[in-house]
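S.K.: have a look at this fold, sequence not included:
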């Protein structure tokens, strides 16, 4: 089966081409330059690529970590191992990316490279497959069948959608990968709708609130598709988000009414929330027929598609002289005025931290932080910040293998948060973003004092009450730190 595969090759990272058909890349990177493909890959998988780079800097490139390449027009294109190759390319020269903060990060990592480590990835081991089709069975099993490195549902759908684009019939796809057609169509539909969501042009007041993370967009698409799996929803809103056997969404998704509806549903699944900061549209809110009926009724009450989330298209202007001299006065908007949203009232703004965190304690604290109003819930907010900061620092120290050194230094496995902060400010590898690390070093002393004096409730003077100013300061100094530490946990 693998007689035609060529093993034992070692190729310089800069001689390898990143795959512009990589399913990880939302939208399309086909036809882009290698610099653009690298930038798109960094935007999608920055945390993974940085983690690989840190591992290489610390331990060198692991020889058995072979990448799979194919030959296209005389060039070696990476079809498996793009993140590893990207990390190596950037450690060779950080100037290969146009993204400034990524360039600065990899320049800082380059300074830590020893001559021995540089030699380990000067030429990296490759296996050359005879064709992209020959490599697909291995790639599909690695990214959809195993828990390690498993693709998001969007990326899985994009993989199968690419097969359909290349003329592979759905029946053959189902047979080749041992997956039922219904499951393939569901994943393809998620990929299609995720792309549609990513193309929404939001009105200015919603630009900052709209989700951008690929996994979040895919999760929202999954929820919307589940909604339209109900006859109740299709009768009420129209059958707009089905998929045909060739993997394409129905044409109705291209008309203005359908796009307005899509934008409204995305808003309800992300930044339009109830009093507990939970999105109105979740899988729980549409769990049963009665739930869907209630949701649709409330959706209309809240405004439904009458709320305009998309940017309005400017009407074409006539160039005739008569029209040039005529001035029109805009009509005042009708209907109730929209109350400005206080997006800063929540302890953690939704999507500030990626929900793909695998540590169950940290993920639960993040979810609860998104429902706490810090100006009202002083003590709960302060305790959650303290717990989240300590858990994130502990887990990151374990991940970079520094926790044992800290416990040895203090002679016990029970170390205080103050001890952890003092120790962490001397370990730059703990942070992905160098600027966040520098700010943490600067603020560490005052932050430790505030936490000791304000958040050690057992030692509080009976007359002292925690204030919103205390919570505001600690929140301001820790949010970027917590967000950076959460990456990869």
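M.R.: Yep, that arrived. Keep in mind it's a predicted model, so treat the numbers as computed, not measured.
S.K.: how about the strands of this protein, start to end?
M.R.: 6-11, 16-17, 67-72, 75-80, 124-128 (DSSP state E).
S.K.: and the angle for the last one with strand 75-80?
M.R.: What it means is strand 124-128. 90 degrees (axes from the mean of the first three to the mean of the last three CA atoms, to 10 degrees).
S.K.: that older thread, the strands of the chain: which one's closest to residue 364?
M.R.: Of all these, strand 75-80 sits nearest to residue 364, with 34.2 Å by CB to CB. C-beta coordinates here come from the backbone N, C-alpha and C atoms, glycine included.
S.K.: how about that closest one: buried residues?
M.R.: Going by neighbour count (16 or more other CB atoms under 10 Å), the buried part of strand 75-80 is 76, 77, 78, 79, 80.
S.K.: can you add distance to residue 67 and pLDDT and give those residues back as JSON lines?
M.R.: Listed next are the buried residues of strand 75-80 as JSON lines, based on distance: CB to CB, whole Å; pLDDT from 0 to 100:
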{"residue": "76", "distance to residue 67": "9", "pLDDT": "94"}
{"residue": "77", "distance to residue 67": "11", "pLDDT": "95"}
{"residue": "78", "distance to residue 67": "5", "pLDDT": "95"}
{"residue": "79", "distance to residue 67": "8", "pLDDT": "93"}
{"residue": "80", "distance to residue 67": "6", "pLDDT": "93"}
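S.K.: nearest to residue 386 among those residues?
M.R.: Closest approach between the buried residues of strand 75-80 and residue 386, by CB to CB: residue 80, at 42.5 Å.
S.K.: pretty sure the closest one is touching residue 136, no?
M.R.: No - counting by CB atoms under 8 Å, residue 80 stays clear of residue 136, with 9.8 Å between them.
S.K.: count the residues that sit near the nearest residue to residue 277 once chain neighbours are set aside.
M.R.: Excluding its sequence neighbours, the residue lying closest to residue 277 (CB to CB, 6 or more residues apart in numbering) is residue 371, at 4.6 Å. Residues near residue 371, counting by other CB atoms under 10 Å, number 18.
S.K.: residue 371 and residue 212, how far apart?
M.R.: Between residue 371 and residue 212 the computed distance is 22 Å (CB to CB, to the nearest Å).
S.K.: shaky segments in the stretch 251-400 of the chain?
M.R.: With pLDDT under 70 as the threshold, the stretch 251-400 of the chain has low-confidence stretches at 251-254, 313-344, 350-356.
S.K.: quick one, helices of it?
M.R.: In the stretch 251-400 of the chain, the segments counted as helices under DSSP state H, counting those that start in this stretch are 256-268, 289-301, 321-324, 360-369, 378-399.
S.K.: so which of the ones you listed gets nearest residue 432?
M.R.: Here helix 378-399 is closest among those (CB to CB), at 9.9 Å.
S.K.: now do the closest one: which elements does it pack against?
M.R.: When contacts are defined as 3 or more CB pairs under 8 Å, 6 or more residues apart in numbering; DSSP states H and E, helix 378-399 packs onto helix 360-369, helix 403-410, helix 417-424, helix 468-486.
S.K.: buried set for the longest one?
M.R.: Going by neighbour count (16+ other CB under 10 Å), the buried part of helix 468-486 is 470-471, 473-475, 477-486.
S.K.: nearest to residue 400, of those residues?
M.R.: residue 485 (11.1 Å).
S.K.: excluding chain neighbours, what is closest to the closest one?
M.R.: Per CB to CB, 6+ apart, closest to residue 485 is residue 392, 3.8 Å.
S.K.: of the strands of the chain, which is nearest residue 297?
M.R.: strand 75-80 (48.4 Å).
S.K.: what pairs with the closest one, parallel or antiparallel?
M.R.: Within its sheet, strand 75-80 is paired with strand 16-17 (parallel), strand 67-72 (antiparallel), according to DSSP bridges.
S.K.: relative to strand 6-11, how tilted is that strand?
M.R.: Using the same axes, to 10 degrees: strand 75-80 against strand 6-11 is 110 degrees.
S.K.: if we look at strand 75-80, which residues are touching it?
M.R.: Residues from elsewhere that reach strand 75-80 (CB atoms under 8 Å, 6 or more residues apart in numbering): 11, 15-19, 67-71, 85, 126, 128-129, 132, 135, 138-139, 142.
S.K.: buried subset of the residues you listed?
M.R.: Buried members of those, counted by 16+ other CB under 10 Å: 11, 16-19, 67-70, 85, 126, 128-129, 132, 135, 138-139.
S.K.: against residue 162, how distant is residue 143?
M.R.: From residue 143 across to residue 162, the span is 13 Å (CB to CB).
S.K.: what touches both of these two?
M.R.: residue 23.
S.K.: distance of residue 45 from residue 151?
M.R.: Taking CB to CB, one finds residue 45 at 11 Å from residue 151.
S.K.: between the two, which contacts overlap?
M.R.: residue 24.
S.K.: which helix is the longest one in this protein?
M.R.: In the chain, taking DSSP state H as the definition, the longest helix is helix 34-59.
S.K.: for residue 447, what are its contacts?
M.R.: Residue 447 makes contact with 421, 474, 477, 478 under the criterion CB under 8 Å, 6+ apart.
S.K.: let's see it at 10 Å
M.R.: By CB atoms under 10 Å, 6 or more residues apart in numbering, the contact set of residue 447 is 389, 417, 418, 421, 425, 440, 473, 474, 477, 478, 481.
S.K.: can I get the residues you listed in JSON lines with distance to residue 171?
M.R.: Below are the contacts of residue 447 laid out as JSON lines (distance: CB to CB, whole Å):
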{"residue": "389", "distance to residue 171": "53"}
{"residue": "417", "distance to residue 171": "58"}
{"residue": "418", "distance to residue 171": "63"}
{"residue": "421", "distance to residue 171": "59"}
{"residue": "425", "distance to residue 171": "59"}
{"residue": "440", "distance to residue 171": "55"}
{"residue": "473", "distance to residue 171": "62"}
{"residue": "474", "distance to residue 171": "58"}
{"residue": "477", "distance to residue 171": "58"}
{"residue": "478", "distance to residue 171": "54"}
{"residue": "481", "distance to residue 171": "52"}
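S.K.: greatest separation within those: which pair is it?
M.R.: 425 and 473 (18.1 Å).
S.K.: on that earlier part again, the helices of the stretch 251-400 of the chain: which one's closest to residue 275?
M.R.: helix 289-301 (13.5 Å).
S.K.: that closest one - contacts with which helices or strands?
M.R.: Applying 3 or more CB pairs under 10 Å, 6 or more residues apart in numbering; DSSP states H and E, one finds that helix 289-301 makes contact with helix 214-228, helix 231-237, helix 256-268.
S.K.: to residue 156, which of these lies closest?
M.R.: helix 214-228 (9.3 Å).
S.K.: angle of that closest one against helix 256-268?
M.R.: 120 degrees.
S.K.: can you pull the domain assignment for this structure?
M.R.: Using automatic domain parsing, the domain ranges for the chain come out as 6-146, 189-311, 360-486.
S.K.: before we move on, the earlier item: return the most buried member of the helices and strands packed on helix 289-301.
M.R.: Comparing these by mean neighbour count (mean count of other CB atoms under 10 Å), helix 214-228 ranks first with a mean of 22.
S.K.: other SSEs contacting it?
M.R.: Taking 3+ CB pairs under 10 Å, 6+ apart as the contact cut, helix 214-228 packs with helix 34-59, helix 153-165, helix 181-198, helix 231-237, helix 256-268, helix 289-301.
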